[in-house]
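Asks: Got a sequence here, can you model it:
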Amino acid sequence: MTEQIFPLNAWYAAAYDVEVGRSLLARKICNKPIVMYRKTTGEAVALADACWHRLVPLSGGELNGDNVICPYHGLEFDDSGRCVYMPSQETINPSACVKSYPVVEKHRFVWIWPGDPALADPAKVPDMHWINDPEWAADGKRIHVKCDYRLVVDNLMDLTHETFVHGSSIGNRAVAEAPFQTTHTDRTATVTRWMIDIDAPPFWAGQLGRKEHVDRWQIIHFQAPSTICIEVGVAPTGTGAPQGDRSKGVEGMVLNTMTPETDKTCHYFWAFARHYDIHNQARTHQLREGVSTVFREDEAVLEAQQKAIDDNPDHVFYNLNIDAGSMWARKLIQQMIADEQPLRIAAE
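Replies: Below you'll find the predicted structure:
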């Protein structure tokens, strides 16, 4: 039996809101081909991307009002997945339908629940409110990464890699040398790191607008199974940031949510939100492109790691102190998977 590496009873970001419109968007989520579109009212819809008749992808078809027409024989499905038209047939087989998925739009994402629809509680959508909070400025992108989504989780839960992967932008020795604290609940894990009286790395010196010693913070918040929001920023040393006053510095949120596409590929949605100079659209654009460059460095490492794992399937990972956050994240993911096993067995 293939190891289950992601829970299905969870909300996963399927697309940025602007990606879904009045045309058919195909995307695979948790090994399930899905087609998305908006109804004439603007409401987002997600259906299985396979016709009930011959499994031809519906995403190759077209919309007729709020219905999807199969590109092969013209069967037509409404937004609930029920077939409402069959060519050359007076009666419609009542079993003719495709699966529809619960959808919620929140924090600029279209979220899909691939598991039991009865458990799809919108209140469980991960909190990423900084993306459209009027007191913050934010923008981001989607990256298609050829690796297990958990490798991205590992990457974000241990930021010591910044020293070595991102040395020209956000990394310096202080990140790798500063102590950190890890805490957890039954669905979250948090890694807190403060670097006191250090040289600001190039990116943060540029955001602050001057070169001086700073206190820097990285507070990583993991929400199972795959959302990570990171408080980041710097403030001139001695201005009170560690005590809670960040007003003399510059602070941001690095917002990340990873959606398994397959067992070895994922959709990585990210955004950078800042709490300073928020009406400067040019800065928003520059930051989005700058962070894109940083994340391409991660992408190269992660895809190389996945290839090495595939080439060495029996290799056992060794964990260091720096892996405490990622170990807790993986433990919480595994617990979610274990919790839904009895439900799957009962459904079979």
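Asks: Can you list the residue ranges for helices in the chain?
Replies: 149-157, 162-165, 173-177, 202-208, 281-311, 324-339, 341-347 (DSSP state H).
Asks: Of all those, which one is nearest Ala138?
Replies: Among these, the nearest to Ala138 by Cβ to Cβ is helix 281-311 (7.6 Å). For the C-beta atoms, the positions are set from N, CA and C on the backbone; glycine is no exception.
Asks: Show me what counts as buried in the closest one.
Replies: Buried positions in helix 281-311, judged by neighbour count with 16 or more other Cβ atoms under 10 Å: 283-284, 287-288, 290-291, 294-295, 297-299, 302-303, 306.
Asks: Count the neighbours of Leu55 for me.
Replies: The local packing count at Leu55 equals 14, with neighbours defined by other Cβ atoms under 10 Å.
Asks: Check what pLDDT it gets.
Replies: Looking at Leu55, its pLDDT stands at 97.
Asks: just Phe317 next, same as before
Replies: At Phe317, the model reports a pLDDT of 88.
Asks: The one 3 residues further on too?
Replies: As summarised for this prediction, Leu320 has a pLDDT of 89.
Asks: Give the burial count for it, as a bare number.
Replies: 9.
Asks: what separates it from Asp154, distance-wise?
Replies: 12 Å (Cβ to Cβ, to the nearest Å).
Asks: Excluding chain neighbours, what is closest to Leu24?
Replies: Spatial nearest neighbour of Leu24, chain neighbours left out: Ser59 (4.6 Å); criterion: Cβ to Cβ, 6 or more residues apart in numbering.
Asks: So that neighbour is in contact with Val35, correct?
Replies: Yes. Ser59 lies in contact with Val35 (Cβ atoms under 8 Å); the separation is 4.2 Å.
Asks: where do the contact lists of these two overlap?
Replies: Listed contacts common to Ser59 and Val35 are 24-26, 49; contacts here mean Cβ atoms under 8 Å, 6 or more residues apart in numbering.
Asks: Just the buried residues of those.
Replies: Buried members of the shared contacts of Ser59 and Val35, counted by 16+ other Cβ under 10 Å: 24-25, 49.
Asks: mind putting these in JSON lines, distance to Leu63 and pLDDT included?
Replies: Converted to JSON lines, the buried ones among the shared contacts of Ser59 and Val35 look like this (distance: Cβ to Cβ, whole Å; pLDDT from 0 to 100):
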{"residue": "Leu24", "distance to Leu63": "7", "pLDDT": "98"}
{"residue": "Leu25", "distance to Leu63": "11", "pLDDT": "98"}
{"residue": "Asp49", "distance to Leu63": "14", "pLDDT": "98"}
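Asks: tell me which residues in stretch 184-202 are buried?
Replies: Residues of stretch 184-202 classed as buried: 184, 189-195, 198-202 (neighbour count, 16+ other Cβ under 10 Å).
Asks: Of these, which is the nearest to Met258?
Replies: Taking Cβ to Cβ as the measure, Met258 lies nearest Ala189 of these, at 14.9 Å.
Asks: For that closest one, which non-adjacent residue is spatially closest?
Replies: Excluding its sequence neighbours, the residue lying closest to Ala189 (Cβ to Cβ, 6+ apart) is Trp328, at 3.9 Å.
Asks: isn't the one you found right next to Ala224, touching?
Replies: No. The pair Trp328 and Ala224 fails to qualify as a contact (Cβ under 8 Å) at a distance of 9.6 Å.
Asks: Name the residue in these two with the higher neighbour count.
Replies: The residue with more neighbours, out of Trp328 and Ala224 and counting by other Cβ under 10 Å, is Ala224; that gives 24 against 21.
Asks: Mind pulling the model confidence for the more buried one?
Replies: Value listed for Ala224 in the pLDDT field: 97.
Asks: which residues does it contact?
Replies: Contacts for Ala224 were tallied using Cβ under 8 Å, 6+ apart; they are 10, 187-188, 329, 332-333, 335-336.
Asks: are any of those buried, and which?
Replies: Neighbour counting by 16+ other Cβ under 10 Å classes 10, 329, 332-333, 336 among the contacts of Ala224 as buried.
Asks: If we only consider the residues you listed, which is nearest to Val175?
Replies: Minimum separation from Val175 among the buried ones among the contacts of Ala224 (Cβ to Cβ) is found for Ala329, which lies at 18.9 Å.
Asks: my read: Ile5 touches Pro260, true?
Replies: Yes. In terms of Cβ under 8 Å, Ile5 counts as a neighbour of Pro260; the distance is 7.3 Å.
Asks: More neighbours: those two, which one.
Replies: Between Ile5 and Pro260, counting by other Cβ under 10 Å, Pro260 is the more crowded of the two (25 against 17).
Asks: Hmm, Cys266 and that one touching each other?
Replies: Yes. Taking Cβ under 8 Å as the definition, Pro260 is a contact partner of Cys266 at 5.3 Å.
Asks: Identify the contacts common to these two.
Replies: Residues touching both Pro260 and Cys266 (Cβ under 8 Å, 6+ apart): 148-149.
Asks: about what we covered before: just the buried ones among the shared contacts of Ser59 and Val35: which are in strands?
Replies: Among these, the members found in strands (DSSP state E) are Leu25.
Asks: Any chance of the buried ones among the shared contacts of Ser59 and Val35 in JSON lines with distance to Asn31 as columns?
Replies: Rendered in JSON lines, the data for those read as follows (distance: Cβ to Cβ, whole Å):
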{"residue": "Leu24", "distance to Asn31": "20"}
{"residue": "Leu25", "distance to Asn31": "18"}
{"residue": "Asp49", "distance to Asn31": "12"}
